[in-house]
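K.L.:
Model the structure of this input:
(4 chains)
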There are 2 protein chains.
Amino acid sequence: MSEDPTGRVFDALADANRRYVVQVLAGRDTATATELAAELPVTRQAVAKHLAALNEAGLVASRREGRETRYALTPGPLAEAMDWMASVGAEWDSRLEALRRHLRKRRP
Amino acid sequence: MSEDPTGRVFDALADANRRYVVQVLAGRDTATATELAAELPVTRQAVAKHLAALNEAGLVASRREGRETRYALTPGPLAEAMDWMASVGAEWDSRLEALRRHLRKRRP
DNA sequence: CTAAGGTGCAACCGTCTGGTTGCACTAGTA
DNA sequence: TACTAGTGCAACCAGACGGTTGCACCTTAG
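P.N.:
Okay, here's the model as predicted:
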């Protein structure tokens, strides 16, 4: 995968726990790994790994604050991924529309 | 992952080859595994596996036509995934907006 | 009928991944 | 200073994943 921003975002969002973390972060704006681990059926370290993955995808930013590290959402890449889907969807839609016009022309 | 529609879509879209297949399908509306394999650096069987994954994610539909199986896009689930991202993004945006209002109130 | 194109299935392989445990380190606190 | 909460790092494991090869099974063209 390496140098593939869009791919990393989709990959990050492919995991249910990771998506849950993103959701929580979206409604709470900041959280630590241990806080998140408390609401998930996995270890703190597992959550830390997930946060690292989200961070590598650019979806999350970490900031050390005293003895705890707080994580916050960075929804920029999310918009990029949405752009990809939107463009694919748009192209498909336009093709569908063209087909529709074609059929209408052949059988008015 | 099992019973997780959104997760399956994101997982399907996480692979670059798979995204390429989706792109091609969006601009060509139908293709076979061998056709797609011709434009990719992998074997036909690998493409077949990718198509199976896309099919399981509901992004693609297969239809046997004589001795070849043609695949076509089914962008419904794509919209679902976009909805997920949009909702998360919206929540984040609203929180950001609330913060903005708060700051404006404190320092008019 | 026979040959060739197109699929599908199964086995196999190296690598990545999600998860765990254990331990060491840093920063507040009594 | 001694204690405790919160991290980070490393090793390890089972399973999934992307990819390949080999082969058997239709379907169409000569």
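
K.L.:
got the contact list for the residue of chain A found nearest DNA strand D?
P.N.:
Nearest residue of chain A to DNA strand D: residue A:32, at 2.8 Å (Cβ to the nearest atom of the strand). Where you see a C-beta, it was placed from the backbone N, CA and C, and this is true even at glycine. Residue A:32 sits next to A:68, A:69, A:70, A:71 when contact means Cβ atoms under 8 Å, 6 or more residues apart in numbering or on different chains.

K.L.:
now the residue nearest to the spatial centre of chain A, nearest residue through space, not along the chain?
P.N.:
With distances taken as Cα atoms, centre = their mean, residue A:13 lies nearest the centre of chain A, 4.4 Å away. Spatial nearest neighbour of residue A:13, chain neighbours left out: residue B:10 (4.3 Å); criterion: Cβ to Cβ, 6 or more residues apart in numbering or on different chains.

K.L.:
so how far is the helix or strand where the one you found lies from its chain's centroid?
P.N.:
Here residue B:10 is covered by helix B:5-14, with elements defined by DSSP states H and E. The chain centroid and the centroid of helix B:5-14 are separated by 6 Å, computed with Cα atoms, centre = their mean, to the nearest Å.

K.L.:
In it, which residues are buried?
P.N.:
Neighbour counts using 16 or more other Cβ atoms under 10 Å in any protein chain shown place B:6, B:7, B:8, B:9, B:10, B:11, B:12, B:13, B:14 of helix B:5-14 among the buried residues.

K.L.:
circling back to that earlier point, isn't the residue nearest to the centre of chain A up against residue A:82?
P.N.:
No - Residue A:13 lies out of contact with residue A:82 (Cβ atoms under 8 Å); the separation is 10.8 Å.

K.L.:
Quickly list what's touching both of those two.
P.N.:
What both residue A:13 and residue A:82 touch, as defined by Cβ under 8 Å, 6+ apart, is the set residue B:85.

K.L.:
Any buried residues in stretch A:37-49, and which?
P.N.:
A:37, A:40, A:47, A:48.
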